[in-house]
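>>> Test case, fold it:
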Amino acid sequence: MSIFTPTNQIRLTNVAVVRMKRAGKRFEIACYKNKVVGWRSGVEKDLDEVLQTHSVFVNVSKGQVAKKEDLISAFGTDDQTEICKQALEVIKQLKEKMKIERAHMRLRFILPVNEGKKLKEKLKPLIKVIESEDYGQQLEIVCLIDPGCFREVDELIKKETKGKGSLEVLSLKDVEEGDEKFE
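A predicted model of the protein is given here:
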């Protein structure tokens, strides 16, 4: 008895699905979660770093690729790269029109006291909200940051404390719930 393993399947991991509805049809592209943020903020310039694959899908999770005719009728082109750029630009436009904001990350920093006060001043521009501060044997700060700043915060702590400080992710998304009125 032999076991058949499909060799033409591509598994997508760490996927952020960017959706766009155009000409009455829905299209999706598969991107790297952390790279989409960089693209939206203008930090990431290389689209190849953002996209997991250059295909435009009708349904990413099922692997259903969009038909060429649908792409041409909706976008005026079947060039996959151009379509992906258009989809990511729509998200930027939505941010201008609607109050949408990324969920914050909740972090805990544990810093040596002697470097902690100086480092806290350097971290302040990257921190959205300081929830608690405790000066004991070490400085412990629990705060909220924008996920796009995580790498910068991590590198700053490592560099300034020479590996003595630590950073712990308490929550990947801290969301404020409430009612929103749309007009």
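
>>> unless I'm mixing things up, residue 26 is touching residue 56, no?
No. Residue 26 sits out of contact with residue 56 when judged by Cβ atoms under 8 Å, with a separation of 10.8 Å. For every residue, glycine as well, the C-beta is placed using N, CA and C.

>>> More neighbours: the two, which one.
residue 56 (27 against 14; other Cβ atoms under 10 Å).

>>> Report all helices and strands that the longest helix anywhere in the chain contacts.
Secondary structure of the chain per DSSP state H: the longest helix is helix 80-97. Applying 3 or more Cβ pairs under 8 Å, 6 or more residues apart in numbering; DSSP states H and E, we find helix 80-97 packed against strand 15-22, strand 25-32, helix 33-41, helix 47-50, helix 68-75.

>>> Can I get the ones you listed in a markdown table including distance to residue 148?
Formatted as a markdown table, these follow (distance: least, Cβ to Cβ, whole Å):
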| stretch | distance to residue 148 |
| --- | --- |
| strand 15-22 | 13 |
| strand 25-32 | 13 |
| helix 33-41 | 5 |
| helix 47-50 | 14 |
| helix 68-75 | 28 |
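
>>> Enumerate the positions of the worst-scoring helix or strand of the chain on mean pLDDT that are buried.
Ranking every helix and strand in the chain by mean pLDDT, DSSP states H and E puts helix 80-97 at the bottom, with a mean of 74. By 16 or more other Cβ atoms under 10 Å, the buried positions in helix 80-97 come out as 80, 83-84, 86-88.

>>> Most widely separated two among those?
80 and 88 (12.9 Å; Cβ to Cβ).

>>> Residue 27 is in contact with residue 67, isn't it?
No. Judged on Cβ under 8 Å, residue 27 makes no contact with residue 67 at a distance of 10.6 Å.

>>> overlap in contacts of the two?
Contact criterion Cβ atoms under 8 Å, 6 or more residues apart in numbering; residues bridging residue 27 and residue 67 by contacting each: residue 58.

>>> between the two, who's got more neighbours?
Using other Cβ under 10 Å as the criterion, residue 27 and residue 67 rank with residue 27 on top: 24 against 13.

>>> in the sheet, who's paired with the more buried one?
For residue 27, the residues forming beta bridges with it (DSSP bridges) are residue 20.

>>> next one: residue 168
residue 108.

>>> pLDDT wise, what is it at?
Looking at residue 168, its pLDDT stands at 87.

>>> now swap in residue 4 and tell me
pLDDT, read off for residue 4, is 61.

>>> do the same with residue 183
44.

>>> Likewise for residue 140?
Looking at residue 140, its pLDDT reads 90.

>>> Report the buried residues of whatever helix or strand it lives in.
Using DSSP states H and E, residue 140 falls within strand 138-145. Using 16+ other Cβ under 10 Å as the test for burial, strand 138-145 gives 138-145.
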